[in-house]
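Asks: Got a sequence here, can you model it:
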Amino acid sequence: MGRKGMLIDYDYCTGCHTCEVACRVEHGFPDDQGGVAVAQTGPWEYAPDRYQFSYLPVLTDQCDQCAERREAGKDPACVHHCQAFVMRYGDVSELAGLVEEGSKSVLYFL
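Replies: Numbering: from 1, shown residues only. Below is the predicted model:
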């Protein structure tokens, strides 16, 4: 088994914050804390009829990759509950193979 990581394809993140809520509920964090936080960029117009507006789930220092869930053979809570299926957990080598050229993706080494 290789090194684990989390792949986030933020090109399709809708900013629903379900990952944040799932993490807080799973770990009992207060509303202003958690292992994942959704950052927003934009909105702004940078060319005629072209806009920047995106969301990026960012792992914080409180993220333990849901150690108890993983020991039970489950995905981390944020991955399991992501409604847009933009978060994946697994071996870094396998996740890296899923990144498509030109995609807006972040691979976290855990």
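Asks: CA atoms for contacts and neighbours, from now on please.
Replies: Will do.
Asks: just for this protein, where's the confidence low?
Replies: Low-confidence segments of the chain, defined by pLDDT under 70: 1.
Asks: again, 80 this time
Replies: 1, 101-102 (pLDDT under 80).
Asks: top helix in it by residue count?
Replies: Longest helix in the chain by number of residues (criterion: DSSP state H): helix 18-27.
Asks: Quick check: buried residues in it?
Replies: Neighbour counts over helix 18-27 (16 or more other Cα atoms under 10 Å) mark 18, 19, 20, 21, 22, 23, 24 as buried.
Asks: Kindly report the same for stretch 55-73.
Replies: 55, 56, 57, 58, 59, 63, 65, 66.
Asks: Tell me which residues touch the fifth one, please.
Replies: Remark: with contacts taken as Cα atoms under 8 Å, 6 or more residues apart in numbering, residue 59 is in contact with 35, 36, 37.
Asks: Give the bridge partners for it, please.
Replies: residue 36 (DSSP bridges).
Asks: And the helices in this structure, which stretches?
Replies: For the chain, helices defined by DSSP H occupy the ranges 18-27, 67-71, 77-81, 92-96.
Asks: Out of the ones you listed, which is closest to residue 49?
Replies: Nearest of the helices of the chain to residue 49, taken as Cα to Cα: helix 18-27 at 29.7 Å.
Asks: on that earlier part again, and the longest helix of the chain, what other elements does it pack with?
Replies: Counting contacts by 3 or more Cα pairs under 8 Å, 6 or more residues apart in numbering; DSSP states H and E, helix 18-27 packs against strand 36-47, helix 77-81.
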